[in-house]
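Chemist: The following comprises the amino acid sequence and a computationally predicted model.
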Amino acid sequence: MFAGMAASFTMVVSGTIVNVAVPSVIGAFGIGLDQAQLITTGFNIAMVTSQLLSAWLVAAFGQRAGFLLMAAVFTLGSVIGGLGQTFDMIVVGRVLQGVAAGVIQPLVMVVAFQVFPADRRGYAMAIYSMGIFLAVAVGPVFGGFAIELLHWRYIFWAPLPIIFVAALMGWVFMPSVPSKERKAFDWVGYILLIVSVYCLVTAITEGNREGWTSSYIVGLFITGITCGIVLVWTQLQSWSSLIDLTLFKNKQFAMVAFIAFVFGIGNFGTGYGVPVFGQLIQGMTPVVAALMMLPSSLLIVAALPFTGKLADRIPAHIGILAGLALFAIGTAPMAGADVNTSFFLIGFYFVVSRMGMSFTNPFIMSTALRTLPPEQLSAGGGMVNFCRQFGGSMGLTAWVAFVQYRTQHHGDALTATQSSDNSTTRELMESVGRVLSEAGLPQEIQSSGALHFLGEVIHAQASTFGFQDGFRLLVVFFLCAMIPAYLLGRIKK
């Protein structure tokens, strides 16, 4: 289990560490932000779509061979990213890392579930979650310091020693039970899944820029939805299915999977929104923003053994409801946060919301798996992780698009109020003009400078309002997730 935890930890670190390297990659290859985002979206899409490879990989090769294969794939991706001389090669390396991360996480989760007795499996899921959350905490901090002290390429090389040690331990200790029946892999379904997710994510990401009614965006939506429908149809017809839809005949599993999907939306949204808010609205550096998140992640790690034991003792819906309530309570104050909100206050809000994760995650994972027979554990583990990651990836993409849309809306509304009749605007323009005049600048520069400053103020205020609307939306997601959590308790009865 320790070997798997080390590998999962390293791969999750690699997923979060690269976000602070985006400006360095832009400068190194002379590309725009729209292209640079591929190093993040490529990893996420590969990770989400490869979640469902885990069950087939274990059935085909066994846990040990599957683990070692993915460690090799991750190493190859790291080497390609570290040595790549073109941006395309960097993206290829990130995609390979994402594939390995997506397969390893459910594989290790199932191993942890199997090696613990039935009455301690909630605790096992808590231990597994501790490694994941600790990786999320240290990834951005480590990345920030690595870039400032060394070079951005070290984000690819740094994980390799841990992966090497994990591979050696996996070779010695990882169980390897040969499969009695090897099913052919459903490549048609897998390609349909990749195309569907890619088209939907791209459409949502570029909708504001290209226009939601443009032929390009509409075509992406149609292609993505069509491929998704065909995927479901093929899985209902195929004997070698990529997705085991029979899992959803289990009412408890189906409800937990839906909760995991909605939980992923809110979880990824807060994890992304709070640090980005700190950087864009409050001018924090990536390291400072990461340090703001660090206490909450460390507290989660400390709390998980306790909440993991609770997952073995109290009804699942109670723990999930408590976690979602903490998420909502911690996120709601961010709907009123602005440039004047203190660093420590935002950090406190984030601590409260992240504590909700320490309750929700162990209950979701342990409840989903304990309702399944042993032969469906691998498929169930992959499906729960897929639902959570898919909800997070799609939800985060939609949330960012919503924030951008609301920012544009508020910007237009604020611009419409700027006239000579607006006393606040007039006083601001006069104050800026006086400062520029005292600096000895000519009149035409004073006027253009004042207008430019006014535009910056409007943009900053509109961005603040946009983020506030985004945090309100996340609260709605958490409240909506409470409905299926409550129904989960009714199903158990």
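Modeler: Now that the structure is in, tell me what you want to look at.
Chemist: distance of residue 344 from residue 351?
Modeler: As judged by C-beta to C-beta, to the nearest Å, residue 344 and residue 351 stand 10 Å apart. For every residue, glycine as well, the C-beta is placed using N, CA and C.
Chemist: Residue 267 too?
Modeler: Distance of residue 267 to residue 351, given as C-beta to C-beta: 15 Å.
Chemist: Same question for residue 414.
Modeler: According to C-beta to C-beta, residue 414 stands 33 Å off from residue 351.
Chemist: care to break this protein down by domain?
Modeler: Listed by automatic domain parsing, the domain ranges of the chain are 1-184, 186-241, 243-403+454-493, 409-453.
Chemist: Worst mean pLDDT across the helices and strands of the chain, which element?
Modeler: Every helix and strand of the chain was ranked by mean pLDDT, DSSP states H and E. The lowest is helix 33-36, at a mean of 57.
Chemist: Tell me which of residue 267 and residue 351 has more neighbours.
Modeler: Neighbour totals were compared for residue 267 and residue 351, and residue 267 leads with 26 against 18 (other C-beta atoms under 10 Å).
Chemist: May I have the secondary structure class of the more buried one?
Modeler: Using DSSP: H, G, I helix; E, B strand; the rest coil, the structure places residue 267 in helix.
Chemist: and what of residue 460?
Modeler: With three-state DSSP as the basis, residue 460 sits in helix.
Chemist: right, and it touches residue 339 too?
Modeler: Yes - applying C-beta atoms under 8 Å as the test, residue 460 and residue 339 come out as touching, 7.2 Å apart.
Chemist: Can you pull the residues that touch both of these two?
Modeler: Taking C-beta atoms under 8 Å, 6 or more residues apart in numbering as the contact rule, residue 460 and residue 339 both touch residue 281.
Chemist: Setting the sequence-adjacent residues aside, check what's closest to residue 148.
Modeler: Counting by C-beta to C-beta, 6 or more residues apart in numbering, residue 148 lies nearest to residue 287, which is 7.2 Å off, once chain neighbours are set aside.
Chemist: Repeat that for residue 466.
Modeler: Spatial nearest neighbour of residue 466, excluding adjacent residues (C-beta to C-beta, 6+ apart): residue 407 at 3.2 Å.
Chemist: What backbone torsions are found at residue 153?
Modeler: phi -70, psi -20 (degrees, to the nearest 10).
Chemist: That one: neighbouring residues, count only.
Modeler: Residues near residue 153, counting by other C-beta under 10 Å, number 19.
Chemist: For the closest residue to it other than its chain neighbours, give me its contacts.
Modeler: Closest residue to residue 153 apart from its sequence neighbours, by C-beta to C-beta, 6+ apart: residue 82 at 5.3 Å. Contacts for residue 82 (C-beta under 8 Å, 6+ apart) come out as 93, 153, 156, 157.
Chemist: Residue 14: which of those is nearest?
Modeler: Using C-beta to C-beta, residue 156 is the member of the contacts of residue 82 that lies nearest residue 14, at 8.0 Å.
Chemist: so that closest one touches residue 93, yeah?
Modeler: Yes - in this structure residue 156 lies within contact range of residue 93 using C-beta under 8 Å: 6.7 Å.
Chemist: which residues in the stretch 151-300 of the chain form helices?
Modeler: Remark: helices assigned in the stretch 151-300 of the chain by DSSP state H, counting those that start in this stretch are 154-157, 160-173, 187-210, 215-237, 251-280, 286-311.
Chemist: Extract the CA atoms of the shortest one and return them as CSV.
Modeler: Meaning helix 154-157. The C-alpha atoms that make up helix 154-157 are tabulated as CSV, following Å, rounded to 0.1, in the frame of the first residue of the first chain:
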residue,chain,number,x,y,z
TYR,A,154,12.6,20.7,-12.8
ILE,A,155,8.9,20.2,-12.3
PHE,A,156,9.2,17.2,-14.7
TRP,A,157,12.4,15.8,-13.2
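Chemist: what packs against it?
Modeler: Contacting helix 154-157 under the criterion 3 or more C-beta pairs under 8 Å, 6 or more residues apart in numbering; DSSP states H and E are the following elements: helix 2-17, helix 63-83, helix 121-149.
Chemist: how far out from the middle of the chain is it?
Modeler: Helix 154-157 sits 20 Å away from the centroid of its parent chain (C-alpha atoms, centre = their mean, to the nearest Å).
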